[in-house]
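Asks: dropping a prediction and its sequence here:
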Amino acid sequence: MTEKILIVEDERTLLETLEYNLRRQGYEVETADNGVDALAAARTKRPDMIVLDIMLPGIDGFEVCRILRQEMNTPILMLTARDDEIDRVVGLEVGADDYLTKPFSMRELMARIKALLRRVRLIREEMTQPPAGQALTPTYTYKNLTLDTSRRELKVNNLVVPLKPKEYELLLFLAQHRGQVISREYILEKVWGWDYIGDSRTVDVHIRWLREKIESNPAEPTRIITVRGAGYRFEG
Ligand code: CA
């Protein structure tokens, strides 16, 4: 089945270049060059993923992403022009799945798109085909924290705490390696995938969000411990 990608970009030349390259890779492509059209296209064309520029006429990419997040879980890769946009892009308010800083190479973009689409396929498969033998979908409990892998759900003090897909995968990975020191690079490789071209800052940002959700005092974490110069350790 051909995967459909919606590209939202107001720079004509870049939009056309992206469209051309994605089509050549075998993807079906929809385009929009402003925020209003982007929302309409996302709702009516139902793309498998969205490549979204931040600086757009009318409604900007931040706002488009924030609105779409409330309506669908279609993965969104944002194109940022400045480093200081990154925290907002992947932050709770906007909640993009990934980002790429301009200028980027086509190879880089393709790798990110493939990684995101593969992740979506894996999650879909996991949900439609539960593995035989329930040992593979255990529930992890650590004091007031419960991670139910059959429902992909985190509860803190018996209350469901919403997690973004990546936060869930990261927390599960940490929980599965409880007590071990894991390097940022290893986390990046295992949770984001070997072809993810990001830096370890991505891991740090996600750890920070997880701490805000599971630590009683995120400034002095007792669950996800930073091991100086080595990585992180999850304390069960
Ligand atoms: Ca733009």
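Replies: That came through, no problem. Numbers count the residues shown, from 1 in each chain.

Asks: now do stretch 155-171: distance to the chain's middle.
Replies: The chain centroid and the centroid of stretch 155-171 are separated by 14 Å under C-alpha atoms, centre = their mean, to the nearest Å.

Asks: is it true that residue 10 touches residue 33?
Replies: Yes. With contacts counted by C-beta atoms under 8 Å, residue 10 reaches residue 33, the gap being 4.7 Å. Just so you know, the C-beta spots here come from the backbone N, C-alpha and C atoms, and that holds for glycine as well.

Asks: buried residues of the helix or strand hosting residue 110, list them for me.
Replies: Using DSSP states H and E, residue 110 sits in helix 106-128. By neighbour count with 16 or more other C-beta atoms under 10 Å, helix 106-128 contains the buried residues 109, 111-113, 115-117, 119-120, 123.

Asks: now for those: which two are most distant?
Replies: 109 and 123 (21.6 Å; C-beta to C-beta).

Asks: what packs against the helix holding residue 110?
Replies: With contacts defined as 3 or more C-beta pairs under 8 Å, 6 or more residues apart in numbering; DSSP states H and E, helix 106-128 has these neighbours: helix 12-24, strand 49-53, strand 76-80, strand 98-101.

Asks: mind doing that once more with 7 Å?
Replies: strand 49-53, strand 76-80, strand 98-101 (3 or more C-beta pairs under 7 Å, 6 or more residues apart in numbering; DSSP states H and E).

Asks: that one: what's the following helix or strand?
Replies: strand 139-142.

Asks: who's in contact with the residue in the chain that the ion sits nearest to?
Replies: Scanning the chain for the residue nearest the ion gives residue 55, at 3.9 Å (criterion: C-beta to the ion). Residues counted as contacts of residue 55 (C-beta atoms under 7 Å, 6 or more residues apart in numbering) are residue 81.

Asks: so it, which of the three states?
Replies: With DSSP: H, G, I helix; E, B strand; the rest coil as the basis, residue 55 sits in coil.

Asks: let's verify residue 94: helix, strand, or coil?
Replies: coil.
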